[in-house]
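In: Following is a predicted model, sequence given first.
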Amino acid sequence: GAVVSQHPSRVICKSGTSVKIECRSLDFQATTMFWYRQFPKKSLMLMATSNEGSKATYEQGVEKDKFLINHASLTLSTLTVTSAHPEDSSFYICSALSLGLSSTDTQYFGPGTRLTVL
Amino acid sequence: GENVEQHPSTLSVQEGDSAVIKCTYSDSASNYFPWYKQELGKRPQLIIDIRSNVGEKKDQRIAVTLNKTAKHFSLHITETQPEDSAVYFCAASVRPAGGGNKLTFGTGTQLKVEL
């Protein structure tokens, strides 16, 4: 149980184009999902918290107009990188929050999307 | 906000030996501390977690200890095997009453288990 998928796994695009990444919780509902960015050999940096039916909460320094987040259903959140540039190249990972018992809130991660902007 | 420090950044052990990774956190309100294992190019996998009302938790070869007073927690892996080689991340979060905890990750530890 608690499987999170992400699509696409890898994308290469030209500078200036927009790229949409999907994050799905396959066997549970997730009112909250998170989007992270990870550079090679570095830690996960939280970009934003995606809440179903409401606007995403962005971390300081993350441009909300560049990284558009939509969480339209309890199983799907999307991240759109608009007008992508080479510096946006990175590994993007989502996670979905599984609300269990009062003592357990576990984040399950998707497999990640490798974005390369030429 | 929360700040999590993790040490060491790299750790090399012989197969069968124990490995210990340590983390400290800054926010005394943090109450949930998961550990994730990430292999190259793969997703982080939760391996064990602990809540602030518990001082120690063990799952087979893996254990986590928590010292709330000192605000540090540690991951212990015994009888290490080559397949334990990966990057390990600690994290800390505060779980508000309504749920939806936000994790702050440590910088990661590259563990290498040598034959």
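Out: Great, that's in hand. Please read all numbers here as calculations on a predicted model, not as lab measurements.
In: Residue 41: how many residues sit nearby?
Out: Since no chain was named, I'll use chain A. Using other Cβ atoms under 10 Å in any protein chain shown, residue A:41 is surrounded by 11 other residues. Using the backbone N, CA and C atoms, a C-beta is placed for each residue, glycine as well.
In: Oops, wrong one, chain B.
Out: 10.
In: Now do it, the pLDDT please.
Out: For residue B:41, the pLDDT comes out at 88.
In: Regarding it, what is its secondary structure?
Out: Taken by DSSP: H, G, I helix; E, B strand; the rest coil, the conformation at residue B:41 corresponds to coil.
In: Spit out the contact partners of it.
Out: A:112, A:114 (Cβ atoms under 8 Å, 6 or more residues apart in numbering or on different chains).
In: now swap in residue A:48 and tell me
Out: Contacts of residue A:48 (Cβ under 8 Å, 6+ apart): A:34-35, A:56-59, A:62, A:64, A:67, A:69.
In: I'd like the distance between residue A:83 and residue A:60.
Out: From residue A:83 across to residue A:60, the span is 21 Å (Cβ to Cβ, to the nearest Å).
In: Tell me where chain A has strands.
Out: With DSSP state E as the criterion, chain A has strands at A:4-7, A:10-13, A:19-25, A:32-38, A:44-51, A:57-58, A:67-73, A:76-81, A:90-99, A:105-109, A:113-117.
In: Worst mean pLDDT among those?
Out: strand A:105-109 (a mean of 85).
In: which neighbours does it have in its sheet, and in what orientation?
Out: Sheet pairing here is set by DSSP bridges, and for strand A:105-109 it gives strand A:90-99 (antiparallel).
In: tell me how far the partner strand is from the chain's mean position?
Out: 6 Å (Cα atoms, centre = their mean, to the nearest Å).
In: does residue B:78 really touch residue B:18, like I thought?
Out: Yes. Look at residue B:78 against residue B:18 with Cβ atoms under 8 Å: they come within range, at 4.9 Å.
In: Now flag whichever of the contacts of residue A:48 is closest to residue A:7.
Out: Using Cβ to Cβ, residue A:35 is the member of the contacts of residue A:48 that lies nearest residue A:7, at 14.1 Å.
In: residues near that closest one, how many?
Out: 26.
In: For the closest residue in space to it that isn't next to it in sequence, list the residues it contacts.
Out: Computed as Cβ to Cβ, 6 or more residues apart in numbering or on different chains, the closest residue to residue A:35 that is not its neighbour in sequence is residue A:47, at 4.6 Å. Taking Cβ under 8 Å, 6+ apart, we find residue A:47 in contact with A:35-37, A:58-59, A:62, A:67, A:79.
In: And for residue A:59, the neighbour number?
Out: 15.
In: next one: residue B:79
Out: Residue B:79: 11 surrounding residues under other Cβ under 10 Å.
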